[in-house]
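Participant: quick one, structure for this:
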Amino acid sequence: MEAQGQNLYAVRTLCKGLNRHTVNLAGTLIIFLCLLAWICLPSQAFPDSLKQGLEPEVSLKPACIPPGGLSLVRIIPADGTTIRGVKFSGKAIPFFRNRTDRGYLALVGADLKMTPGDKVVSVIWNDRKGQPNVTAVRLNVFYKKFPEEHLHLPKKMVEFPPKILKRVLADQHAIRAACGKTSSHVYWQRPFLWPVPPKIMSPFGLRRFFNGEPRSPHSGVDLRARIGTPVRATNNGRVALVRNCYLSGKTIVIDHGEGLFSLYAHLSTLMVRPGQEVKRGMVIGKAGATGRATGPHLHWGISLQGKRLDPAELMRVLGNRG
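Facilitator: Presented below is the predicted three-dimensional model:
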């Protein structure tokens, strides 16, 4: 109350000192109202942590992404504060130390099912007194129209008999299980590499219709590659799965750490084994046309915390040294 009394006295003094000949009544009233609003503003509107400049520095690159896109989150905490967690749209996501500075990194991605609009990335942190705080930044997911492909095929190529369907479901379960794990070790480092030259035959998100019936959108990109073309690991990692699948043929899944995986399908030759560590650029297999493929190519997929993302978007964000 004493502080507010002193501030009110200052306002009165200021108003008395205004020259009536040079300042009109409207201007005086505006100044008075602004000062009065500042005096009466409750102290709770300015938390101690903000006054002391303790909020972490949080940046997103990019801050606008399409469905299938991803963004790199950089977090630099203030001295004496602790980062406790990161959430995207209310769901906890992994964060890890940045090798190049004292901050942290996290990857957030928008799958094809995410509704366009502003989403929230929240960073949970403790101040110097151990009190919890939250800093929120917005990530915009913008609308993108994906191409469509309409095919008319014999019924036997669209509907699987029970025995084949059982195998297809088992393959899908194995791939989801491999990509659903989150290892605490981060293998990858920038830049990521294209596994074969980037000549895209079929893009991510392509909407396919077989005999008028919608099918799952394309979950990766098809890259032009002749049979026998060397296929290289996009980045450092550990082989999470090697499997001969009915649809994707000879398939490799690599774990790059903290929920990030890459998938390579329709290979003619497999050159790694489960559990093996691989280095960026290492030849892991050779392109082919195994499984249900209409011709030789490499299907390359990216999974982040269980979400299928566009490999071309990954390369746009992480395909350079940063």
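
Participant: so, low pLDDT: which residues of this structure?
Facilitator: For the chain, residues meeting the criterion pLDDT under 70 lie at 1-52, 156-157, 322.

Participant: can you classify the nearest residue to Lys250 once chain neighbours are set aside by secondary structure?
Facilitator: Once flanking residues are discounted, Lys250 sits nearest to Leu267: 4.1 Å by CB to CB, 6 or more residues apart in numbering. C-beta: built from backbone N, CA, C; applies to glycine. Assigned with DSSP: H, G, I helix; E, B strand; the rest coil, Leu267 falls in the strand class.

Participant: just Trp188 next, same as before
Facilitator: Once three-state DSSP is applied, Trp188 turns out coil.

Participant: next one: it from Arg128, what distance?
Facilitator: Taking CB to CB, to the nearest Å as the measure, Trp188 and Arg128 are separated by 33 Å.

Participant: these two: which has the busier surroundings?
Facilitator: With neighbours defined as other CB atoms under 10 Å, Trp188 and Arg128 compare such that Trp188 has more, 20 against 14.

Participant: the more buried one contacts Arg238, correct?
Facilitator: No. Counting by CB atoms under 8 Å, Trp188 does not reach Arg238; the two are 10.9 Å apart.

Participant: show me where the stretch 51-200 of the chain has its helices.
Facilitator: 155-158, 162-179 (DSSP state H, counting those that start in this stretch).

Participant: and of those, who's closest to Met114?
Facilitator: Met114 sits nearest to helix 162-179 of all those, at 17.6 Å, using CB to CB.

Participant: can you point out the buried residues in the helix or strand just after the closest one?
Facilitator: Using DSSP states H and E, the next helix or strand after helix 162-179 towards the C-terminus is strand 200-202. Buried residues in strand 200-202, counted by 16 or more other CB atoms under 10 Å: Ser202.

Participant: same question, stretch 314-322
Facilitator: Neighbour counts over stretch 314-322 (16+ other CB under 10 Å) mark 314-315, 317-319 as buried.

Participant: and the residues you listed, which is closest to Arg97?
Facilitator: Distances from Arg97 to those, taken by CB to CB, are shortest for Leu318, at 16.8 Å.

Participant: quick one: contacts for that closest one?
Facilitator: By CB atoms under 8 Å, 6 or more residues apart in numbering, the contact set of Leu318 is 72, 190-192.

Participant: for ChimeraX, write the select line for the buried members of the residues you listed.
Facilitator: In ChimeraX syntax, the buried subset of the contacts of Leu318 is picked out as below (16+ other CB under 10 Å):
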select :72,192
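
Participant: before we move on, back to that, relative to Pro197, which of the helices of the stretch 51-200 of the chain is closest?
Facilitator: Evaluated over the helices of the stretch 51-200 of the chain, closeness to Pro197 peaks at helix 162-179, with 25.1 Å, by CB to CB.
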